[in-house]
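> Generate a structure from the sequence data that follows.
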Amino acid sequence: MTTTTLAVLVPLLPFLGAVAGLLLGRSAPGFVRPLAVLPTLTSLVIAALVAVRQSGDAAVNAATELTPTGSVPIELAVHIDGFAALVAVLVGLVASCVQIYSTGYLRDDPRYPSYAALVSLFTSAMFLVVYSGDLIVLLVGWEVMGICSYFLVGHYWETPQARDASLKAFLVTKLGDVPFLIGLFALATDAGSFRITRVLGAVASGGLDHPTLIALLLLAGVAGKSAQFPLHTWLPDAMAGPTPVSALIHAATMVAAGVYFIARLLPVFEASRAAMVVLAVMAAVTMAGSALAALAQDDIKRVLAYSTIGQLGYMTGALAVGDRGAAVFHLLSHGAFKALLFLAAGVIIHAAGTNSLAAMSRMRNLRDRVPDAYWTMTVALLALAAIPPFSGFFSKEAVLGVAEHVITGHTEHAPAAAGWIVLVAGLLTAVLTAAYATRLWLLTFRGRGTEAPDHGRQPLTMTVVLWVLAVPSLAFGGFAFRLLPDWFDGRDLSPTLTTSVLGTGVAMVGGIVTYAAWQHTTALTARVPLGAVAAHPEGDAAQVEAEAIASHEPAYGDIAHAPDPADPGRLLLGPLHRHAAAGFHLDAVYTTLFVRPVQAGASLVRFLDREVVETYVRGAGALPRWLGAAVRRAQTGNVQTYVSALLAGTVVLAVAVVLVATGA
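Numbering: from 1, shown residues only. Presented below is the predicted three-dimensional model:
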């Protein structure tokens, strides 16, 4: 079987599994779980075989015209280079783990058949994006993922949070997709083709007439899909969906699609230095802002959501300095440890017996109750904080290293300004990342909140997946930076001394300072009366103690069943905490600038329709009705009345004739 044929089977099998799962979900429920897991696992095996055959050599290309258009043709094309081959393996691995994990996590969910089918369709769409060699076919997978995310985020549609989150995710991503579609058409018009290879050939020969405009239009779509500033606000709210869905979206699909798209078409963006600077600024704001927001969140899944936004900022930062190898290296590394983080968080939530109890301030005694989640999440958090020798260290250092190369002039693929922006923002984000990772670990596993009921040991399918993902989170980076250059563009991905020392040093500082702040707040709240703590569920320790002292309350008690006020994030952020917890009020800004004007316009249209248009419609019907009523009253059935009316009419006519004649 040829490599092309195998590549076609990779997205086809999950698609067929989704269709079969929907058809057999009610009539043969026993087949639902095998149809969810086996096609995705088979696609993983085939994707790995395709990667072995490709081996980082020349790209595999094949195409057939899909339909005649009369102008720019649309082709069913496959383009598999080293990037595509490895990203497809990541997608298959994470999707398989999510499907296996979900059999335990949603074992009692009555809507599991539709859920599993949508996850399979989601996976198929991402495979299509990865392997596609035609931009229109890629767009199909791009949009199908958006639809799947809408349904999966809204899986618990009984709750208003899930309904609002799914609608918000759909609208915000569609807002970016409109300029994205225009950019694709403009790109194809300049290049004369939707084929990626021909587009890149046109770029190499200087065939793009509007490179800056095209790049900026495409960036709008990428910002929406990959949750980059300013279109990132949908991703934290999307945590209202099932936790395995969050793992799939954050680790290997949806948000990864935007980064992968830029990596595949990077020469298009490099054709405009202005676009590269815009990309660098977008990455810097995204990195730093999301890390600050993560440090202020109480919900464990929202912390991880903002973390994903920041790590995607690292990837776009690497692309902004012209190195797609470093970007995809971090994409692969991040996919493993972020999937592990979400699935471990799912074990913690599952232990509480509900999807909604994810507040870290209310967690207590979890280290002993969920040991698998404790150890594997510790590994993943160390990888997230880029502590050597975990995988995140090598991939993040690759990003910082290429930024340094741009600054020192070792590469001319991007302006030096972009290098400075990415490096400074990357180091600042490294401090904050280590801080919120340490805070998450302390509040989750050493917190003093309310102890949730023990729902027993977690299903084996959930805990085994954690250990499977812990392996690449720990060991992937150590050998990947030596092997990946052969699969990518041949550029060195080894950590450099300067950025390694700086990056690791600031990460250690962030972790140590956060631990010291936690110890300080823990000692502070140990002297606080129970009643005072209960009155402040947000856990502002300083305010609680001050009010307790002022009230001279003598009774000091056990605060084990209150929300944990020992939150180092409040101490570290100070007055910025309230704004960071609200995502710096971007939702409020969008409400003021967009939502309220649209609602006002809709109210005006509704008023005009009701009071003006409907008035004319009602009047047009009322006039004949009134005339009919008048005529109906005249039909009395009395002959004398009719004769009298006839005589009166005759007299009136006679008088009129006389008057006319006299006037003549």
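> Please make it C-alpha for all contacts and neighbour counts, starting now.
Will do.
> what's the helix ranked longest in the chain packed up against?
Ordering each helix of the chain by length in residues (DSSP state H) puts helix 160-191 first. When contacts are defined as 3 or more CA pairs under 8 Å, 6 or more residues apart in numbering; DSSP states H and E, helix 160-191 sits against helix 135-153, helix 196-204, helix 211-225, helix 234-237.
> Return the set of buried residues in the second one.
For helix 196-204, burial by neighbour count (16 or more other CA atoms under 10 Å) applies to 196, 197, 198, 199, 200, 202, 203.
> circling back to that earlier point, can you redo the helices and strands packed on helix 160-191 as JSON lines with mean pLDDT?
Output for the helices and strands packed on helix 160-191, formatted as JSON lines (pLDDT from 0 to 100):
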{"stretch": "helix 135-153", "mean pLDDT": "94"}
{"stretch": "helix 196-204", "mean pLDDT": "93"}
{"stretch": "helix 211-225", "mean pLDDT": "94"}
{"stretch": "helix 234-237", "mean pLDDT": "92"}
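> closest to residue 631 out of the ones you listed?
helix 135-153 (59.4 Å; CA to CA).
> hmm, who's touching that closest one?
By CA atoms under 8 Å, 6 or more residues apart in numbering, the surrounding residues in contact with helix 135-153 are 74-76, 115, 118-119, 121-122, 124-130, 132, 162, 165-167, 169-170, 173, 184, 194-196, 238-242, 245, 249, 253-254, 257.
> And for stretch 414-421?
So stretch 414-421 is contacted by 270, 273, 276-277, 280-281, 284, 320-322, 402-407, 409 (CA under 8 Å, 6+ apart).
> Filter these down to the buried ones.
270, 273, 276-277, 280-281, 284, 320-322, 402-407.
> Look at the closest residue to residue 260 other than its chain neighbours and give its secondary structure.
Excluding its sequence neighbours, the residue lying closest to residue 260 (CA to CA, 6 or more residues apart in numbering) is residue 328, at 7.3 Å. Secondary structure, DSSP: H, G, I helix; E, B strand; the rest coil: residue 328 is helix.
> Hmm, residue 328 is touching residue 84, no?
No - using CA atoms under 8 Å, residue 328 is not in contact with residue 84; the gap is 9.8 Å.
> Return the residues in contact with the spatially most central residue of the chain.
What sits nearest the mean C-alpha location of the chain, by CA atoms, centre = their mean, is residue 235, with 4.1 Å. Counting by CA under 8 Å, 6+ apart, residue 235 makes contact with 169, 227, 305, 306.
> Inside helices: which ones of the contacts of stretch 414-421?
Mapping the contacts of stretch 414-421 onto helices (DSSP H) picks out 270, 273, 276-277, 280-281, 284, 320, 402-407.
> can you list these in CSV and add distance to residue 430 and pLDDT?
Putting the ones in helices among the contacts of stretch 414-421 into CSV (distance: CA to CA, whole Å; pLDDT from 0 to 100) gives the following:
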residue, distance to residue 430, pLDDT
270, 26, 92
273, 26, 89
276, 22, 93
277, 21, 92
280, 17, 94
281, 17, 95
284, 12, 96
320, 18, 94
402, 16, 92
403, 14, 93
404, 15, 92
405, 19, 89
406, 19, 89
407, 19, 89
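> which among those gets closest to residue 96?
Nearest to residue 96 out of the ones in helices among the contacts of stretch 414-421 is residue 320 (CA to CA; 31.8 Å).
> Tell me where the chain has strands.
Secondary structure of the chain by DSSP state E: the strands cover 60-67, 74-80.
> Identify each buried residue in the shortest one, please.
Translated: strand 74-80. 74, 75, 76, 77, 78, 79, 80.
> quick one, it and strand 60-67 angle?
Following axes from the mean of the first three to the mean of the last three CA atoms, to 10 degrees, one obtains 170 degrees for the angle between strand 74-80 and strand 60-67.
> Does strand 74-80 pack against any helices or strands, and if so which?
Under the contact criterion of 3+ CA pairs under 8 Å, 6+ apart, strand 74-80 touches strand 60-67, helix 112-131, helix 135-153.
> List the residue ranges of the stretch 351-500 of the chain that fall below the pLDDT cut-off.
352-357, 410, 449-456 (pLDDT under 70).
> just the helices in it please.
366-369, 371-384, 391-407, 416-445, 460-487, 497-525 (DSSP state H, counting those that start in this stretch).
> Reformat those helices as CSV; add distance to residue 603.
Converted to CSV, the helices of the stretch 351-500 of the chain look like this (distance: least, CA to CA, whole Å):
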stretch, distance to residue 603
helix 366-369, 51
helix 371-384, 47
helix 391-407, 49
helix 416-445, 43
helix 460-487, 49
helix 497-525, 49
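> can you tell which of those helices is closest to residue 67?
Across the helices of the stretch 351-500 of the chain, closest to residue 67 is helix 460-487 (CA to CA), at 33.1 Å.
> now the closest one and helix 391-407, what's the angle there?
Using the same axes, to 10 degrees, helix 460-487 lies at 30 degrees relative to helix 391-407.
> Helix 460-487 packs against which elements?
Helix 460-487 makes packing contacts with helix 82-105, helix 324-351, helix 371-384, helix 391-407 when contacts are defined by 3+ CA pairs under 8 Å, 6+ apart.
> which residues sit against the shortest one?
This means helix 371-384. By CA under 8 Å, 6+ apart, helix 371-384 touches 334, 337-338, 340-341, 344-345, 347-348, 366-367, 390-393, 433-434, 437-438, 441, 445, 463, 466-467, 470, 473-474.
> and the residues you listed, which are buried?
Buried by 16+ other CA under 10 Å: 334, 337-338, 340-341, 344-345, 347-348, 366-367, 390-393, 433-434, 437-438, 441, 445, 463, 466-467, 470, 473-474, out of those.
> Please identify the most buried of the helices of the stretch 351-500 of the chain.
Compared across the helices of the stretch 351-500 of the chain, helix 391-407 shows the largest average neighbour count, a mean of 28 (mean count of other CA atoms under 10 Å).
> Run through the neighbouring helices and strands of it.
Right, helix 391-407 is packed against helix 300-320, helix 324-351, helix 371-384, helix 416-445, helix 460-487, helix 497-525 by 3+ CA pairs under 8 Å, 6+ apart.
> If we use 7 Å, what do you get?
For helix 391-407, the packing partners by 3 or more CA pairs under 7 Å, 6 or more residues apart in numbering; DSSP states H and E come out as helix 324-351, helix 371-384, helix 416-445, helix 460-487, helix 497-525.
> ok now the fourth one, how far from the chain's centre?
Same thing as helix 460-487. Computed by CA atoms, centre = their mean, to the nearest Å, the chain-centroid distance of helix 460-487 equals 23 Å.
> ditto for the third one
When C-alpha coordinates are averaged (CA atoms, centre = their mean), helix 416-445 and its chain have centres 20 Å apart.
> tilt between that helix and helix 391-407?
Going by the same axes, to 10 degrees, helix 416-445 makes 160 degrees with helix 391-407.
> Could you check the angle helix 416-445 makes with helix 300-320?
Angle, helix 416-445 to helix 300-320, by the same axes, to 10 degrees: 160 degrees.
> Number the chain from 52, please
Renumbered: residue one is now 52, and that last one reads helix 467-496.
> so helix 467-496 versus helix 375-402, what angle?
Going by the same axes, to 10 degrees, helix 467-496 is angled at 20 degrees with respect to helix 375-402.
> what about the longest helix of the chain, average pLDDT?
For helix 211-242, mean pLDDT is 93.
> Tell me what angle that helix forms with helix 262-276.
Interaxial angle of helix 211-242 relative to helix 262-276 (the same axes, to 10 degrees): 160 degrees.
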